[in-house]
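Visitor: sequence first, predicted model second:
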Amino acid sequence: MRCGDFKTSYAADMTIFESNSARVMLFLFLGVLFTMPLYTPGYVLDILNRIGIAVIGAVGLNILTGFTGQISLGNAAFMAIGGFSCGYLGTKFGLPFYLCIPLAGLMTAFFGMFVGIPSLRIKGLYLAMATLAAHFIVEFIIVKWESVTGGVAGLSIPVAKLGAFQFDSDRRIFYLIFIIAILSVLFAKNLFRTKVGKAFVAIRDQAISAEVMGVNILKYKLLSFGISSFYVGVAGALVAYQSKIISPETFPITVAIDYLGMIIIGGLGSILGSIYGAIFITLLPELLRISTSALAGPFPLLVAKLAAMKELVFGMFVVGFILFEPAGIAARWHSIKSYWKLYPFSH
Amino acid sequence: MDMTFLLQLLINGLVVGSIYSLVAVGFVIIYKATSALNLAQGEFLMVGAYICLDLLSKHNIPFVQSLLITLAFSALLGLIVERLILRPLIGSHLISVIMVTLGLSSILKALVQLAYGTDTIPFPEVFPSAPVQIGPIPVSQGYIYSIACVTILVTILTLFFKYSKTGVAMRATASNQQVSLSMGISVKKMFAISWAISAIVSAVGGILLGTIRGGIDMSLSFMGLKVLPVVILGGLDSILGAIVGGVIIGVLENLSGGYVDPMVGGGAKEVAPYIALILILMFKPYGLFGKKKIERV
């Protein structure tokens, strides 16, 4: 029986799958996931798609905030840049989606690194404020730059197609979103097994020590901003493809707060945590909607208050997690798992 | 004509700016004492305004009594928030504190929305509305009362921090917590008081905004974000800076609203303070009066 950590080599400590059964479970899960569009109704698929996009964005934000320790309130703006550059490239140049999405990511990465430059001079709450200001400035530019973004009216996005195959329904775009999401998670998971990822963590834990150890802070901070923004930009591009029309209102400041909520609730500095958080925050309004419509008979007022209820529950979960489980769902899940693994002899 | 327009803008800026100053002072008090960034400041302001409105129009309580009840309620709110949410987080990571106040702002916004809905509610007239003539331009009396209120409140706060025992203890806590502890100051109590004072000050700001605008809605909570450029300009830990910064940002906002907006078709008024924020962070990150202790990274 396994009852402790028996890692004797660095390779064992760095491995992604602790056991073969974990590997098998993951492939089973992926198998089930990829057959889902065949038998699930469109409504569920829509939610799943949004979860997939949220996973990409949350992993990206976690790379910056959870792993590198740079607080960013500008994700919504980054997503908007991704979405609008994707839309612009698609409509004005007629580029196919497999070029639009990475180019949108690169564009966002470039912008993210630009916003990241002040992070070399300022940190912590000053950085939070700078990114918040960046959000409002980007929003202003998007509204005003009508020739590119379509202004307030927004931009309609051409359907992504591969040859004759059109990603025009929830059922089809599901594959696009989830293939990208899985690649993103895989890349992020592996990133933190490399020198670059470890440099990020070192900067978060103790910037000065990291510099003494030979980590080039300037380079790695900008790199972190770049990679994170690339993810967020890709998520923004996928939002564009999924919702088919985007406007400045698609990416309000609350989106940024939602994403921060995801990584807080899921677990800062944990890839799995970002996934849990993305699922949790995306499902929350849906669960509320279902429960309020179930209670609509005796309490008809509840339905009208849905938006406020969602905000209330979101706030309570964020505050509750920070107070009682600061390491998020990922840590709680881990401790529950290890409790049952050793049951009844847990210590 | 042009001169009157400019003066009008300056006066508007001064009035709005003085309210920014007030809220920024509340923000700085919390930051100085507890080094927590309170992103729910705007919600404190909104809650204060709604409570006062409720007392005035639904319960027909005279203004002075309503004001006092609102302030008492706000103080209580500040104390509860500090005790339940912020105190357990003392010493924890910055992102936790930032996120907890964001979560708190969601909760407060949702509660107000549940209780009062999202429509704009007219605020009963508190100050006489007939404008008075100052030089060439008519100025609403509400503006004058508002500036007077802010001045009085700021003076009271200054005297409080300078002469009262609690005020001195709070300043001591802000300057060095360990030394204050060894001098017999209860740091926890000071934290609680600073949250209470901050909530009171914000509530006053909310009520003044309500009377000036003539109505309140959920957009009041955006004040909390407007105040960030103010505190950065003034220096995060300077009360004087918050006051000066508030007026400057208010004037800047109105000037860009008056002169830049017609050129770009609106929106410049809202974004100007944030452009200022970025510029200040780049060139003078500790603001006008802040302590130059920002770590170089």
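Guide: Thanks, I have it. The structure presented is a predicted model; accordingly, all values stated were derived computationally and were not measured. Numbers count the residues shown, from 1 in each chain, chains lettered A, B, ... in the order given.
Visitor: right, and B:Ser140 touches B:Gln133 too?
Guide: No - B:Ser140 is beyond contact range of B:Gln133, at 11.4 Å (criterion: Cβ atoms under 8 Å). Every residue, glycine included, has its C-beta placed from N, CA and C.
Visitor: which of these two has more neighbours?
Guide: Neighbour totals were compared for B:Ser140 and B:Gln133, and B:Ser140 leads with 19 against 8 (other Cβ atoms under 10 Å in any protein chain shown).
Visitor: so what's the predicted local confidence for that one?
Guide: At B:Ser140, the model reports a pLDDT of 82.
Visitor: repeat for the one 4 residues further on
Guide: Among the per-residue scores, B:Ile144 shows a pLDDT of 85.
Visitor: burial count for it?
Guide: By other Cβ under 10 Å, neighbour count at B:Ile144 equals 16.
Visitor: same check, this time on the one 3 residues further on
Guide: Under the neighbour criterion other Cβ under 10 Å, B:Ile147 is assigned a count of 18.
Visitor: please apply the same query to A:Ser338.
Guide: Neighbour tally, A:Ser338, other Cβ under 10 Å: 14.
Visitor: now name the helix or strand holding it.
Guide: Assigning secondary structure by DSSP states H and E places A:Ser338 in helix A:328-341.
Visitor: now that helix: average pLDDT?
Guide: Mean predicted confidence for helix A:328-341 is 86.
Visitor: ok, residues contacting that helix?
Guide: When contacts are defined by Cβ atoms under 8 Å, 6 or more residues apart in numbering or on different chains, helix A:328-341 is touched by residues A:2-3, A:263-268, A:270, A:272-273, A:276-277, A:280, A:321, A:325, A:346.
Visitor: please redo it, this time with the cut-off set to 6 Å
Guide: A:Ile265, A:Gly266, A:Gly267, A:Ser270, A:Leu272, A:Gly273, A:Tyr276, A:Glu325, A:Ser346 (Cβ atoms under 6 Å, 6 or more residues apart in numbering or on different chains).
Visitor: taking the residues you listed one by one, which sit in helices?
Guide: A:Ile265, A:Gly266, A:Leu272, A:Gly273, A:Tyr276 (DSSP state H).
Visitor: so for B:Leu68, what pLDDT did the model give?
Guide: Looking at B:Leu68, the pLDDT reads 92.
Visitor: actually B:Asp261, not the one I typed
Guide: For B:Asp261, pLDDT reads 79.
Visitor: and it, what helix or strand is that in?
Guide: Judged by DSSP H and E, B:Asp261 forms part of helix B:261-264.
Visitor: give me the number of residues near B:Phe161?
Guide: Neighbour tally, B:Phe161, other Cβ under 10 Å: 18.
Visitor: how about it, nearest residue that isn't a chain neighbour?
Guide: Nearest-residue entry for B:Phe161: B:Gly167, 4.1 Å, with adjacent residues in sequence omitted and distances by Cβ to Cβ, 6 or more residues apart in numbering or on different chains.
Visitor: just say helix, strand or coil for the closest residue to A:Gly94 other than its chain neighbours.
Guide: Leaving aside its sequence neighbours, A:Gly94 sits nearest to A:Pro158 (Cβ to Cβ, 6+ apart; 7.7 Å). Recorded secondary structure, A:Pro158: coil (DSSP: H, G, I helix; E, B strand; the rest coil).
Visitor: any idea of the pLDDT on A:Pro158?
Guide: Taking A:Pro158 on its own, its pLDDT is 83.
Visitor: same check on A:Ala294?
Guide: 79.
Visitor: re earlier: can you show me the CA trace of the helix holding B:Asp261 as CSV?
Guide: This file holds the C-alpha atoms of helix B:261-264, laid out as CSV (Å, rounded to 0.1, in the frame of the first residue of the first chain):
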residue,chain,number,x,y,z
ASP,B,261,-14.5,64.9,-25.9
PRO,B,262,-16.0,67.0,-28.8
MET,B,263,-12.9,66.1,-30.8
VAL,B,264,-13.0,62.4,-30.3
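Visitor: dump the contacts of helix A:328-341 to a markdown table, plus neighbour count, pLDDT and distance to chain B.
Guide: Below are the contacts of helix A:328-341 laid out as a markdown table (neighbours: other Cβ atoms under 10 Å in any protein chain shown; pLDDT from 0 to 100; distance: Cβ to the nearest Cβ, whole Å):
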| residue | neighbour count | pLDDT | distance to chain B |
| --- | --- | --- | --- |
| A:Ile265 | 28 | 93 | 10 |
| A:Gly266 | 31 | 93 | 12 |
| A:Gly267 | 28 | 91 | 13 |
| A:Ser270 | 24 | 91 | 14 |
| A:Leu272 | 17 | 91 | 19 |
| A:Gly273 | 28 | 93 | 14 |
| A:Tyr276 | 22 | 94 | 16 |
| A:Glu325 | 16 | 88 | 11 |
| A:Ser346 | 11 | 65 | 27 |
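Visitor: now A:Ala128: closest residue in space, sequence neighbours ignored.
Guide: A:Ile71 (4.4 Å).
Visitor: also B:Phe73?
Guide: Looking at B:Phe73 with Cβ to Cβ, 6+ apart, the closest residue is B:Ile51, at 5.5 Å.
Visitor: contacts for the one helix or strand the one you found maps to, please.
Guide: Using DSSP H and E, B:Ile51 maps to helix B:41-53. The contact list for helix B:41-53 (Cβ under 6 Å, 6+ apart) reads B:23, B:27, B:66, B:70, B:73-74, B:105, B:108-109, B:112, B:116, B:123, B:199, B:202-203, B:205-207, B:210, B:216, B:220-221, B:223-224, B:227.
Visitor: and stretch A:283-303, by the same measure?
Guide: Counting by Cβ under 6 Å, 6+ apart, A:Ile47, A:Leu306, A:Met309, A:Lys310 sit against stretch A:283-303.
Visitor: name the element the spatially closest residue to the second one that is not a sequence neighbour belongs to?
Guide: Setting aside the residues directly before and after it, A:Leu306 is nearest to A:Thr292 in space (Cβ to Cβ, 6+ apart), at 5.6 Å. With elements delineated by DSSP H and E, A:Thr292 resides in helix A:271-294, which encompasses its position.
Visitor: in that helix, what counts as buried?
Guide: A:271-282, A:284-286, A:288, A:292 (16 or more other Cβ atoms under 10 Å in any protein chain shown).
Visitor: show me where the stretch 1-150 of chain B has strands.
Guide: B:121-122, B:132-134, B:137-139 (DSSP state E, counting those that start in this stretch).
Visitor: adding distance to chain A, write the ones you listed out as CSV.
Guide: Below are those laid out as CSV (distance: least, Cβ to the nearest Cβ, whole Å):
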stretch, distance to chain A
strand B:121-122, 16
strand B:132-134, 33
strand B:137-139, 30
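Visitor: in chain B, where's the longest helix?
Guide: From DSSP H, the single longest helix across chain B is helix B:2-34.
Visitor: which other helices and strands does that helix contact?
Guide: Under the contact criterion of 3 or more Cβ pairs under 6 Å, 6 or more residues apart in numbering or on different chains; DSSP states H and E, helix B:2-34 touches helix B:41-53, strand B:137-139, helix B:141-163, helix B:165-175, helix B:187-213, helix B:223-234, helix B:239-255.
Visitor: could you check the angle it makes with helix B:165-175?
Guide: 80 degrees (axes from the mean of the first three to the mean of the last three Cα atoms, to 10 degrees).
Visitor: how about the residues of chain A near chain B?
Guide: A:71, A:120, A:122-125, A:128-130, A:133, A:136-137, A:140, A:257, A:260, A:264, A:305, A:308, A:311-312, A:314-315, A:318-319, A:322-323 (Cβ under 6 Å from any Cβ of the partner chain).
Visitor: drop anything exposed from these.
Guide: Looks like the residues of chain A next to chain B have A:71, A:122-125, A:128-130, A:133, A:136-137, A:140, A:257, A:260, A:264, A:305, A:308, A:311-312, A:314-315, A:318-319, A:322-323 buried, using 16+ other Cβ under 10 Å.
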